[in-house]
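Student: got a predicted structure here, sequence first:
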Amino acid sequence: MLRPLIPETIRPPFARYAHGVEVPAGARLVVCSGQLGIGPDDIAPDSAEAQAALCFANLDAVLAEGGMGRGDVVRINAYVTDRAHMAGYMAARDAWLAAVPDHLPASTLMIVSGFTRPEFKVEIELLAAQIPQD
């Protein structure tokens with residue numbers, strides 16, 4: 001079982017995530033490249049929240065291809081191009097994680113100067129681990 005690490009001796013997380021996640025020995029890992037908020041039609045929506053929702057949908061597809069799902073996510077790294085995009089990203093992340101009641105992943109959000117195309121506002125990458133069932 002993935003075990004969230006939230007020590008009582010430090011400030012609680014700012015939002016819906018854990019400070020750390022313990023992955024037991026023998027787990028199978030999937031490392032997802034950063035996904036941008038763009039659909040198969042090569043269109044990126046205007047809002048950061050809509051782009052983040054597309055990023056998470058893309059990550060769902062990558063996880064499914066690897067035989068995993070949201071409940072296997074250990075760590076999320078997200079990047080936005082402006083502080084103004086943080087709320088939209090966080091709303092999409094929290095909605096995506098609403099289906100994961102048993103544990104929360106570790107999470108980092110960074111503000112960056114930009115991506116490969118100017119319309120991109122959000123990029124998200126993640127790490128997932130699946131524990132072998134006895």
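Tutor: It's in. Numbering: from 1, shown residues only.
Student: packing partners for the longest helix seen in the chain?
Tutor: In the chain, with assignment by DSSP state H, the single longest helix is helix 48-65. Contact here means 3 or more Cβ pairs under 8 Å, 6 or more residues apart in numbering; DSSP states H and E; on that basis helix 48-65 packs against strand 28-36, strand 73-80, helix 86-97, strand 122-130. C-beta here means a position set from N, CA and C on the backbone, and glycine is covered the same way.
Student: which residues does the residue nearest in space to the middle of the chain contact?
Tutor: With distances taken as Cα atoms, centre = their mean, Ile76 lies nearest the centre of the chain, 3.7 Å away. For Ile76, the contact set (Cβ atoms under 8 Å, 6 or more residues apart in numbering) comprises Tyr17, Arg93, Pro105, Ala106, Ser107, Thr108, Ile124, Glu125, Leu126.
Student: my read: the last one touches Pro105, true?
Tutor: Yes. Using Cβ atoms under 8 Å, Leu126 and Pro105 qualify as a contacting pair, with a distance of 7.3 Å.
Student: identify the contacts common to those two.
Tutor: Val73, Val74, Arg75, Ile76.
Student: widest-spaced pair of the residues you listed?
Tutor: Farthest pair in these (Cβ to Cβ) is Val74 and Ile76. Separation: 8.7 Å.
Student: intersection of neighbour lists for those two?
Tutor: Here Val74 and Ile76 have Pro105, Ala106, Leu126 as joint contacts, going by Cβ under 8 Å, 6+ apart.
Student: count the residues that sit near Lys121.
Tutor: Per other Cβ atoms under 10 Å, the neighbour tally for Lys121 reads 26.
Student: which ones are touching the residue lying closest to it once chain neighbours are set aside?
Tutor: Spatial nearest neighbour of Lys121, excluding adjacent residues (Cβ to Cβ, 6 or more residues apart in numbering): Ala48 at 4.5 Å. Shown in contact with Ala48 (Cβ under 8 Å, 6+ apart): Gly37, Val80, Ala84, His85, Gly88, Tyr89, Lys121, Val122.
Student: let's see if you can find the most crowded of those residues.
Tutor: Val122 (31 neighbours).
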